[in-house]
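The following comprises the amino acid sequence and a computationally predicted model.
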Amino acid sequence: MSSAASLRPIVISGPSGTGKSTLLKRLFDEYPDTFGFSVSHTTRKPRPGEEDGKAYHFVSRDAFKELIDQNGFVEHAEFSKNLYGTSVKAIQDVAGQGRRCVLDIDSQGVKLIKANHAHLKPIYVFLSPPSLASLRTRLSGRGTESEDSLRSRLEASKGEIEYARTGAYDTVIVNDDLDKAYQKLKAVAVEDRLEADSKVPPMDEDPAELAANA
Ligand SMILES: Nc1ncnc2c1ncn2[C@@H]1O[C@H](COP(=O)(O)OP(=O)(O)OP(=O)(O)O)[C@@H](O)[C@H]1O
């Protein structure tokens, strides 16, 4: 039996490197039976050992396009000639299994849900970095980014932060101290308590300048 207060999906969004994966891993580790990610659709061929419906829903290009026409996707995109997408049904299936669906998406995805799939009634959480300088430090500390990708992630963070300032999210969690941020995430995700919110901190630094000094 799930221990989450409700099965409304949780949408968590925030600039690349803010700590979404880190916090979600902790949440899934502490509550292994409570939360779930939706299974994406893809037109790429399964790799050996990949089971349909587990790693992905593997579908033909025609079937994928049909689902697009039916407004069946919350978001979809093409990467190296293959289509990938998150379907409305895959999100609903998680609740069907008694788990709360967690969606880790960017502001573009948030806008699409709000415009086309508001019936899913998610709770929108913005994970904010304490500053752009700390975001840069985390991205470079992760050791996964080239100079170019670091710069583009920092540039993209500007739009994510501006959108969060419009009040689009139900709550804002500033990931300064990891333990504190985790407690706030738990309050929202496990207890449906939204009062843990705070404001997006002022961030006046110039992303291009920060990237140049990386
Ligand atoms: N509160 C924190 N203080 C210091 N470092 C942190 C904190 N939270 C996360 N980090 C570190 O920052 C880096 C980026 O975190 P993570 O990969 O979880 O970000 P993300 O938001 O999931 O990024 P992406 O959207 O690119 O997947 C990681 O190396 C992580 O260990």
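Structure's in. What do you need?

Tell me the confidence at residue 144?
Reading off the confidence values, residue 144 has pLDDT 89.

Would you mind pulling up the elements that the longest helix along the chain packs against?
Determined from DSSP state H, the single longest helix within the chain is helix 147-165. Contact here means 3 or more Cβ pairs under 8 Å, 6 or more residues apart in numbering; DSSP states H and E; on that basis helix 147-165 packs against helix 107-116, strand 123-128, helix 132-142, helix 207-212. Any C-beta I mention is one placed from the backbone N, CA and C, and that applies to glycine too.

So which residues of the chain form strands?
If DSSP state E is used as the criterion, the strands of the chain fall at 10-13, 35-36, 41-42, 57-58, 73-79, 82-87, 100-104, 123-128, 171-174.

ok so, going back, for the helices and strands packed on helix 147-165, which one ends up most surrounded?
Among the helices and strands packed on helix 147-165, strand 123-128 has the highest mean neighbour count (mean count of other Cβ atoms under 10 Å), at a mean of 24.

That strand and the ligand, any residue contact?
No: Strand 123-128 does not reach the ligand (Cβ under 6 Å from any ligand atom); its nearest approach is 6.8 Å.

Please report the distance of the most centrally placed residue in the chain from residue 97.
With distances taken as Cα atoms, centre = their mean, the residue of the chain nearest its centroid is residue 104 (1.4 Å). From residue 104 across to residue 97, the span is 19 Å (Cβ to Cβ, to the nearest Å).

repeat for residue 172
If you measure residue 172 against residue 97 using Cβ to Cβ, the figure is 29 Å.

So for those two, which sits in the more crowded spot?
Legend: neighbour count by other Cβ atoms under 10 Å for residue 172 and residue 97, higher for residue 172 (21 against 11).

Surely that one touches residue 198?
Yes: judged on Cβ atoms under 8 Å, residue 172 makes contact with residue 198 at a distance of 5.7 Å.

Can you tell me which residues in the protein are near the ligand?
Contact residues (Cβ under 6 Å from any ligand atom) of the chain with the ligand: 14, 16-22, 138, 141-142, 175, 178, 181.

Among these, name the ones in helices.
Counting by DSSP H, the part of the residues of the chain next to the ligand found in helices is 20, 21, 22, 138, 141, 142, 178, 181.

elements contacting the helix or strand of the chain at the bottom of the mean pLDDT ranking?
The helix or strand with the lowest mean pLDDT-type score in the chain, counting by mean pLDDT, DSSP states H and E, is helix 207-212 (a mean of 82). Helix 207-212 is packed against helix 132-142, helix 147-165, with contacts defined by 3+ Cβ pairs under 8 Å, 6+ apart.

Alright, calling it a day.
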